[in-house]
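Colleague: A structural model of the following input is requested.
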Amino acid sequence: MDHSSEPMLPLETLRAFDAAARTGSFSAAAEKLNLTHGAVSRQIAKLEDWLGLKVFDRGARGVSLTIEGNRLHLRTTEAFALIASNSDRWVEPRGTAVVRLASIPSVGGLWLMPRMAALESNPTKLRIVLDVDNRQADLADEGIDLSVRCGRGRIPGRVSVQLFEEHVFPVASPELANEIGRGDPARLLKFPLINDSDASTWRAWFAAQGMDYRPRPHDRRFEDYNLVLDAAAHGLGIALARPPLTQDQLKSGRIVAADDRVALNPISYWLDRPAGRPRAAAADLARRIAALAGLAPEKIEAFIEAES
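Modeller: The predicted structure follows:
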């Protein structure tokens, strides 16, 4: 084996190695870490590739440490003990009823968080560990059961189902909306427009009104939709409301409609999971998310039953 050029291994890889070394089984390690057997196997393969040597001998009844693996396990045991004794660390909950759910900050904060209590308690108890990140994580390798994201379609290597679409409309602070007034949609171009990751949503809104839009120097862009709403609420320009993410802000009056015309957002909401059979708790949570999103039961069952 060739030693990997990666400068440092992820902690998850060493945790998988430690669990497999202690239990003598990838399956037992997967159960202990609340991962799939395949995820543990991939983490060990990543470790062996990085080291350039084998750390386990594979057998019909499990795995056993090689001489090099035993040396590594002595070091990792000392390292984990040192970390545990010198930090106030957060220990993730584990168990068959724990589900790891990934999402981006805007969807996590504006759509999932208001529904978390219902998702965890109805009809039986689940515990959701929410992973919030803007990157598209490798669900299987990182032990993530489900992901709720915004996008234009399916992602290769995942099982996906569209949860819902949304119709967007312009919003602003009450003061700026009063200044904008009512009339032709072209009047909005007199003011800064606020975009999120790209200009596609504003472009779709203006196209629905028979107009072309390209970002201008005085327009603004924020990668996270939470910041888009904050900027609009503070009078920095006009944003597009994305129901149901903006329900609470509109209800509170923090932002108000600056134009009543709506357009279909080319970006929609998707529920993803790794290929293969989902754990029972993950399938249960998928059904709960689908019910709150108004997805037809037959569509979520097809999503759960699909192998890839």
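
Colleague: wait, residue 248 sits on residue 115?
Modeller: No: contact criterion Cβ atoms under 8 Å: residue 248 and residue 115 do not qualify, at 12.0 Å. For every residue, glycine as well, the C-beta is placed using N, CA and C.

Colleague: Which strands or helices does the helix or strand bottoming out on mean pLDDT in the chain pack on?
Modeller: Here the helix or strand of the chain ranked lowest by mean pLDDT, DSSP states H and E is helix 67-85, holding a mean of 83. Applying 3 or more Cβ pairs under 8 Å, 6 or more residues apart in numbering; DSSP states H and E, one finds that helix 67-85 contacts helix 11-23.

Colleague: Quick check: which ranges of the stretch 101-250 of the chain have low pLDDT?
Modeller: 136-137 (pLDDT under 70).

Colleague: What are the boundaries of the strands in it?
Modeller: Using DSSP state E, counting those that start in this stretch, the strands assigned to the stretch 101-250 of the chain run over residues 127-132, 146-151, 158-164, 167-172, 194-195, 220-221, 239-241.

Colleague: which parts of stretch 251-266 are buried?
Modeller: For stretch 251-266, the neighbour count (16 or more other Cβ atoms under 10 Å) marks 254, 255, 256, 258, 259, 262, 263, 265 as buried.

Colleague: now stretch 107-114
Modeller: So stretch 107-114, judged by 16+ other Cβ under 10 Å, has buried residues 107, 108, 109, 110, 111, 112.

Colleague: can you give me the end-to-end distance of it?
Modeller: End-to-end distance for stretch 107-114: 10 Å, by Cα to Cα, to the nearest Å.

Colleague: Show me how far it is from its chain's centre.
Modeller: Taking Cα atoms, centre = their mean, to the nearest Å, the mean C-alpha location of stretch 107-114 is offset from the chain mean by 11 Å.

Colleague: Using TSV, lay out the buried residues of stretch 251-266 together with pLDDT.
Modeller: Listed next are these as TSV, based on pLDDT from 0 to 100:
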residue	pLDDT
254	95
255	97
256	97
258	97
259	97
262	97
263	97
265	93
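
Colleague: And the chain, split by domain according to the record?
Modeller: Annotated domains of the chain cover 11-85, 98-165+268-305, 167-264 [automatic domain parsing].

Colleague: which ones are touching the residue sitting nearest the centre point of the chain?
Modeller: Geometric centre of the chain, nearest residue: residue 103, 2.0 Å, by Cα atoms, centre = their mean. Going by Cβ atoms under 8 Å, 6 or more residues apart in numbering, residue 103 touches 112, 130, 131, 132, 147, 148, 149.

Colleague: and if we set it to 6 Å?
Modeller: 112, 148 (Cβ atoms under 6 Å, 6 or more residues apart in numbering).
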